[in-house]
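Student: Pasting the sequence and the predicted model now:
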Amino acid sequence: MNKILVLGGTGFIGQSLCEQLVTRFGGAGPRIEVPTRQIQRGRRVQYLPTVDVIAADVNRDEDLRRVVAGSDVVVNLIARLHGSQAEFDRTHVDLPRRLAQACRANGVRRVVHVSALGAAAGAPSMYQRTKAGGEAVLATSGLDVTVLRPAVVFGPLDHFMNLFARLQAVLPVMPLAGASCRLQPVWVTDVADALVAAIERRDTIGQVYELAGPKTYTLAELVRLAGRWSGHERPVFGLPGPLAKLQALAMECLPGEPMISRDNVDSLKTDNVATGRVPGLAALGITPSALESVMPMLLARRDSVARLDTWRRGAGR
């Protein structure tokens, strides 16, 4: 194997994957190429040996064909959590279709595609439905495809447990959409290890894997844990559907990326847990890490750093 192309390699899961690939193969392993529109976003991985961060916009067909050329394996991690139907389609359906075309044009057969737990054509949210659409495109592409469906992913840079910890540091109470929704969060390194296994093992071709943690929680339980472990546990109360949608609409109207969107609220209408109908982490030789074994230390450290920064700013005055 000479080249592994990682689309979305500058993101949360992508950074962990690059680190695991370097650990697995070492400095003499295959070249790991990470295309990005913003080179500065790749600063965390660009110093890893064998990782090349290159300027490219994979939304442009010519750029996509260029970066795919010469790859032994293409890993697609690109996704979006918010947006319109057209934006979800462009990211989750059109990109896999264009990727398949670029692979066929360059004689590249192997694709490892990251979808999402709960992806289904009849799912309540655009995110889940378009994730299923991307899977369907690749299933009929004629390529050697492995699909991984991770649950919500936790880790040091996540936008899930860390977000709820940050919110509870400043809010007196936590109004919560989808409070009773059941989730099965998975450790980011376990997801990265699953990706490495899929890259290496040809017996994963044609398979779909659900990547979920060892324990199920309600969203309200996870929010309370995030507050407790960061030292800012607040009262949590669930919002009924109409109020949840109204809260999400207000968030969407604020500048920047919303903390929660109406489509996120729709995703929380159904539990996000492994079905058991397809293989999981165990089939890839991975024992999932418990949330309790990882996040208390990470969130406590995050709060300690925040307190130190606050003290320094005060001392500076």
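Tutor: Right, received. Where do you want to start?
Student: L81 touches S125, doesn't it?
Tutor: No: between L81 and S125 there is no contact under Cβ atoms under 8 Å: 10.1 Å. For every residue, glycine as well, the C-beta is placed using N, CA and C.
Student: Looking only at neighbour counts, state which of these two leads.
Tutor: Counted by other Cβ atoms under 10 Å, L81 and S125 do not tie: S125 has more neighbours, with 20 against 15.
Student: Show me whatever sits in contact with both of L81 and S125.
Tutor: By Cβ atoms under 8 Å, 6 or more residues apart in numbering, L81 and S125 have these common neighbours: N264.
Student: For this structure, which segments are assigned as helices?
Tutor: Along the chain, the stretches classed as helices by DSSP state H are 12-25, 61-68, 85-89, 95-106, 126-139, 161-170, 188-200, 219-230, 241-253, 262-267, 295-316.
Student: Make TSV from those helices and add mean pLDDT, distance to L48 and mean neighbour count to it.
Tutor: Below are the helices of the chain laid out as TSV (pLDDT from 0 to 100; distance: least, Cβ to Cβ, whole Å; neighbours: other Cβ atoms under 10 Å):
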stretch	mean pLDDT	distance to L48	mean neighbour count
helix 12-25	94	5	21
helix 61-68	97	18	18
helix 85-89	97	31	15
helix 95-106	98	24	20
helix 126-139	98	28	22
helix 161-170	93	23	19
helix 188-200	98	13	23
helix 219-230	96	29	21
helix 241-253	91	35	15
helix 262-267	95	32	21
helix 295-316	58	21	13
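Student: Out of these, which gets nearest to A212?
Tutor: Closest to A212 of the helices of the chain is helix 188-200 (Cβ to Cβ; 9.4 Å).
Student: do you know how far L163 is from V170?
Tutor: 12 Å (Cβ to Cβ, to the nearest Å).
Student: circling back to that earlier point, C181 is nearest to which of the helices of the chain?
Tutor: Once these are compared by Cβ to Cβ, helix 219-230 is nearest, at 4.9 Å.
Student: ok, G206 - contacts?
Tutor: With contacts defined as Cβ under 8 Å, 6+ apart, G206 is in contact with 144-146.
Student: Mind checking which of these land in strands?
Tutor: 144-146 (DSSP state E).
Student: Against G241, how distant is the closest residue in space to L222 that isn't next to it in sequence?
Tutor: In space, L222 comes closest to L183 once its chain neighbours are excluded; the distance is 6.5 Å by Cβ to Cβ, 6 or more residues apart in numbering. Going from L183 to G241 by Cβ to Cβ gives 18 Å.
Student: R66 and A56 touch, don't they?
Tutor: Yes: assessed by Cβ under 8 Å, R66 is found in contact with A56 at 6.7 Å.
Student: before we move on, the earlier item: so can I have a markdown table of the ones in strands among the contacts of G206 showing pLDDT, neighbour count and distance to M174?
Tutor: Formatted as a markdown table, the ones in strands among the contacts of G206 follow (pLDDT from 0 to 100; neighbours: other Cβ atoms under 10 Å; distance: Cβ to Cβ, whole Å):
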| residue | pLDDT | neighbour count | distance to M174 |
| --- | --- | --- | --- |
| D144 | 98 | 16 | 45 |
| V145 | 98 | 27 | 40 |
| T146 | 98 | 26 | 38 |
